[in-house]
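Visitor: Coordinates only, no sequence provided:
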């Protein structure tokens, strides 16, 4: 999978990330650099690599700098364009859902992660030349990182497209989490670079966004937006936010447990393949985008399923590290995951058993996913047919690889934190 993943990075010597090398999908060609997919890919690449992918990141950063310097042909801020042509880098001018204001914070997060590695290895000159320049009014607009973060300060409340590029709102959970993480990270990075004014602006805007995040919990689950409530984007967002310095919801919290519980029931009712897999003794569950999805027939997706596994592995790591799980949260996790009898409501203090239960719940999810991708030699496509369980839609979707590989990294961390395991869990 790592080999297939890396083939989609720096395609045609450009530094671009191709969303998928598939030019004939239900939605048309995926042979473009999507800002969102590209940033998440390069962030994941850094987090899963045993050695820093410095040259790949430098190529990506130069691609970003060139794109942010373009004049926008669609009459919007070029920093919020959804995608670009490969290899030319020209802004895509066809009809599309735009603007997309999650691109700037995701791009900044990937580049700040890179910049921190460069500073640690003594490559300050590259950072100061391209990523955080001294003068915001020069031709580099203050550098690729500051240019992206400055957009967020001014555009965080703008009307935008959702993660799936279908509906509009100024209040998507996914976008807010992406911005919140980037701004908090940006405030610390700006201080590192001696830019106290930017640090203050970033932390101030982050506080405003943070105040809106709790409202996405409606008392039953965390919703993406009031008109798109149950949405796999929330699961992906929770992982993104948990890597930030101040996560909006803890991995083991009542809010997250309630969300997983409600979402499990929704997806098992939505897609027959979940019931078929359970009847065949397969543990786990397959997630998709949202109930009622019709794109390519409306199916489970590889990336959202892997995101759920990652979230459960993160919970295992957090519990093993001493995170507190309240009685109410534990009750809800029992409901969400069919926890084994040894992890009872009266033994919440049994850290080892609870951490192992979270880990093996994640294993159950990846076990079910594995059963649907192994036949193609671990090529990962976009979707899994809701009835047959065969992969479909865009072939070799880069984001699918990013999410699965990232989940596996977190599984390794969870495994390292435990000394025992329990059988895989069926949550469907």
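Guide: That came through fine. Values in this document were obtained by computation on a predicted structure and should not be read as measured data. Residues are numbered from 1 along each chain as shown.
Visitor: pretty sure residue 395 is touching residue 21, no?
Guide: Yes: under the criterion of Cβ atoms under 8 Å, residue 395 makes contact with residue 21 at 7.4 Å. The C-beta positions use only the backbone N, C-alpha and C, and glycine is treated the same way.
Visitor: which residues are in contact with both of the two?
Guide: Common neighbours of residue 395 and residue 21, using Cβ atoms under 8 Å, 6 or more residues apart in numbering, do not exist here.
Visitor: buried ones in the one helix or strand in the chain whose mean pLDDT sits lowest?
Guide: Ranked by mean pLDDT, DSSP states H and E, the helix or strand of the chain with the weakest confidence is helix 327-337, at a mean of 91. Using 16 or more other Cβ atoms under 10 Å as the test for burial, helix 327-337 gives 329, 330, 332, 333, 334, 335, 336, 337.
Visitor: Distance from the chain centre to the helix or strand following it, please.
Guide: As assigned by DSSP states H and E, the chain's next helix or strand after helix 327-337 is helix 351-373. Its chain's average C-alpha position is 19 Å from that of helix 351-373, according to Cα atoms, centre = their mean, to the nearest Å.
Visitor: Helix 351-373 to helix 327-337, inter-axis angle?
Guide: Orientation of helix 351-373 against helix 327-337 (axes from the mean of the first three to the mean of the last three Cα atoms, to 10 degrees) gives an angle of 30 degrees.
Visitor: Helix 351-373 - contacts with which helices or strands?
Guide: Contacts defined by 3 or more Cβ pairs under 8 Å, 6 or more residues apart in numbering; DSSP states H and E place helix 351-373 against helix 302-320, helix 327-337, helix 398-416.
Visitor: Can you tell me which of the ones you listed is nearest to residue 211?
Guide: Taking Cβ to Cβ, helix 327-337 is the member of the helices and strands packed on helix 351-373 nearest to residue 211, at 22.9 Å.
Visitor: Quickly compare the helices and strands packed on helix 351-373 and say which is most buried.
Guide: By mean neighbour count, with neighbours taken as mean count of other Cβ atoms under 10 Å, helix 302-320 ranks first of the helices and strands packed on helix 351-373 at a mean of 27.
Visitor: So for that one, mean pLDDT?
Guide: Per-residue pLDDT values over helix 302-320 give a mean of 96.
Visitor: what's it packed up against?
Guide: Applying 3+ Cβ pairs under 8 Å, 6+ apart, one finds that helix 302-320 makes contact with helix 233-242, helix 254-270, helix 351-373, strand 383-384, helix 398-416.
Visitor: just these: most buried one?
Guide: Buried most deeply of these, by mean count of other Cβ under 10 Å, is strand 383-384, with a mean of 27.
Visitor: quick one on the thing from earlier: contacts for the least confident helix or strand of the chain, please.
Guide: Identification of contacts with helix 327-337 by Cβ under 8 Å, 6+ apart yields 252-254, 257-258, 260-261, 264, 312, 325, 339, 343, 345, 348, 354, 357-358, 361, 425, 427.
Visitor: what's the angle between that helix and helix 254-270?
Guide: Using the same axes, to 10 degrees: helix 327-337 against helix 254-270 is 20 degrees.
Visitor: care to break the chain down by domain?
Guide: The record's domain parsing of the chain by automatic domain parsing lists 1-216, 234-428.
Visitor: nearest to residue 226, of these?
Guide: domain 1-216 (7.6 Å).
Visitor: Need the pLDDT of residue 340.
Guide: With respect to pLDDT, residue 340 scores 70.
Visitor: Quick one: residues contacting residue 378.
Guide: With contacts defined as Cβ under 8 Å, 6+ apart, residue 378 is in contact with 1, 4.
Visitor: thinking again about what came up before, closest one to residue 36 among the helices and strands packed on helix 302-320?
Guide: Closest among the helices and strands packed on helix 302-320, using Cβ to Cβ: helix 398-416, at 8.4 Å.
Visitor: Tell me which other helices or strands the closest one touches.
Guide: Counting by 3+ Cβ pairs under 8 Å, 6+ apart, helix 398-416 packs on helix 2-7, helix 35-48, helix 302-320, helix 351-373.
Visitor: That one: how far from the chain's middle?
Guide: 12 Å.
Visitor: Now do the contacts for residue 252.
Guide: By Cβ under 8 Å, 6+ apart, the neighbours of residue 252 are 315, 318, 319, 323, 324, 325, 329, 333, 358.
Visitor: With residue 124 instead?
Guide: So residue 124 contacts residue 118 (Cβ under 8 Å, 6+ apart).
Visitor: same question, residue 399
Guide: Residue 399 neighbours (Cβ under 8 Å, 6+ apart): 19, 37, 40, 41, 303.
Visitor: just to revisit the earlier point, check the domains of the chain for me: which has the lowest mean pLDDT.
Guide: domain 234-428 (a mean of 90).
Visitor: I'd guessed residue 89 sits against residue 66; true?
Guide: Yes: the criterion here is Cβ under 8 Å, and residue 89 meets it with residue 66 at 5.9 Å.
Visitor: Need the nearest residue in space to the residue nearest the centre of the chain, chain neighbours excluded.
Guide: Central residue of the chain (Cα atoms, centre = their mean): residue 236, 4.3 Å from the mean position. Setting aside the residues directly before and after it, residue 236 is nearest to residue 307 in space (Cβ to Cβ, 6 or more residues apart in numbering), at 4.6 Å.
Visitor: Can you verify my assumption that that neighbour contacts residue 239?
Guide: Yes: counting by Cβ under 8 Å, residue 307 touches residue 239, with 5.8 Å between them.
Visitor: about what we covered before: as CSV, the domains of the chain with distance to residue 228 would be great.
Guide: What follows is those, written out as CSV (distance: least, Cβ to Cβ, whole Å):
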stretch, distance to residue 228
domain 1-216, 6
domain 234-428, 6
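Visitor: Residue 227 is nearest to which of these?
Guide: Closest to residue 227 of the domains of the chain, according to Cβ to Cβ: domain 1-216, at 6.8 Å.
Visitor: circling back to that earlier point, which pair in the contacts of residue 252 spans the largest distance?
Guide: Once Cβ to Cβ is applied, the contacts of residue 252 give 324 and 358 as the farthest pair, at 14.1 Å.
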